[in-house]
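**Q** sequence and computational prediction follow.
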Amino acid sequence: MSHPKEPPRLPRQEFRTTTGPTRFATMDSPVGELTLFGDADSLSGVWTRTKTVPENWDRDQFAFQDAIAQLRAYFAGELREFDLPLAPAGTDWQLRVWAALTTIPYGETASYGQLARELGRPTASRAVGMANGRNPISIIVPCHRVIGADGSLTGYAGGLERKRFLLALES
């Protein structure tokens, strides 16, 4: 009797847990103003659309200088891979999907189905799509690199124009 082959395991991005108060900073970018947030040690999110920042968050333009510098280098075409401490909040499944997103190389794309297969759940492409859509650290955790099985650009929380821009930047 043969046993099914174990699905390949993707390297797991080491995500941290936040500690302390939430800080935020903003920066201008070619895709509009970005809001970066997290604690003093890790980045928990990058918003690409204007959202209301909770009143209990502290504005700290110096908290994310490394992330801002890396994002500027990325937009200038000088950086292909981010190296930042990340602390997204999500379910175990979401964290697995977001870690898988970090393995899609710069300039390449993957389908929801491909990611589902790589995560060992070949019929979970919709679940991958749902987790992808809830990725709180856009651009840095490259959810824009996920496309439809037919190569079409499908949903992007930041809007399809931003997705198109980011993919063109990387091509």
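**A** Noted; the coordinates are in hand.
**Q** residue contacts, the spatially most central residue of the chain?
**A** In the chain, the residue lying closest to the centroid (CA atoms, centre = their mean) is residue 141, at 2.3 Å. The contact partners of residue 141, by CB atoms under 8 Å, 6 or more residues apart in numbering, come to 13, 86, 88, 98, 101-102, 135. All C-beta spots, glycine's among them, are computed from the backbone N, C-alpha and C.
**Q** try residue 145
**A** When contacts are counted by CB under 8 Å, 6+ apart, residue 145 touches 101, 104, 108-110, 167, 170.
**Q** make it 7 Å
**A** Contacts for residue 145 (CB atoms under 7 Å, 6 or more residues apart in numbering) come out as 104, 108-110.
**Q** just for this protein, where's the confidence low?
**A** Within the chain, the segments meeting pLDDT under 70 span 1-19.
**Q** just the strands in it please.
**A** Per DSSP state E, the chain carries strands over the ranges 23-27, 34-38, 43-47, 58-59, 110-111, 146-147.
**Q** how much space separates the residue lying closest to residue 77 once chain neighbours are set aside from residue 31?
**A** The shortest distance from residue 77 to any non-neighbouring residue, by CB to CB, 6 or more residues apart in numbering, is to residue 169 (7.0 Å). Separation of residue 169 from residue 31 (CB to CB, to the nearest Å): 9 Å.
**Q** between the two, which is the more surrounded one?
**A** Shown here are residue 169 and residue 31; by other CB atoms under 10 Å, residue 31 has more neighbours (20 against 16).
**Q** surely the more buried one touches residue 164?
**A** No - the pair residue 31 and residue 164 fails to qualify as a contact (CB atoms under 7 Å) at a distance of 10.2 Å.
**Q** what comes up buried for stretch 123-143?
**A** Residues of stretch 123-143 classed as buried: 124-125, 127-129, 131-132, 134-143 (neighbour count, 16 or more other CB atoms under 10 Å).
**Q** what is the end-to-end distance of that stretch?
**A** Its first and final residues considered, stretch 123-143 spans 19 Å by CA to CA, to the nearest Å.
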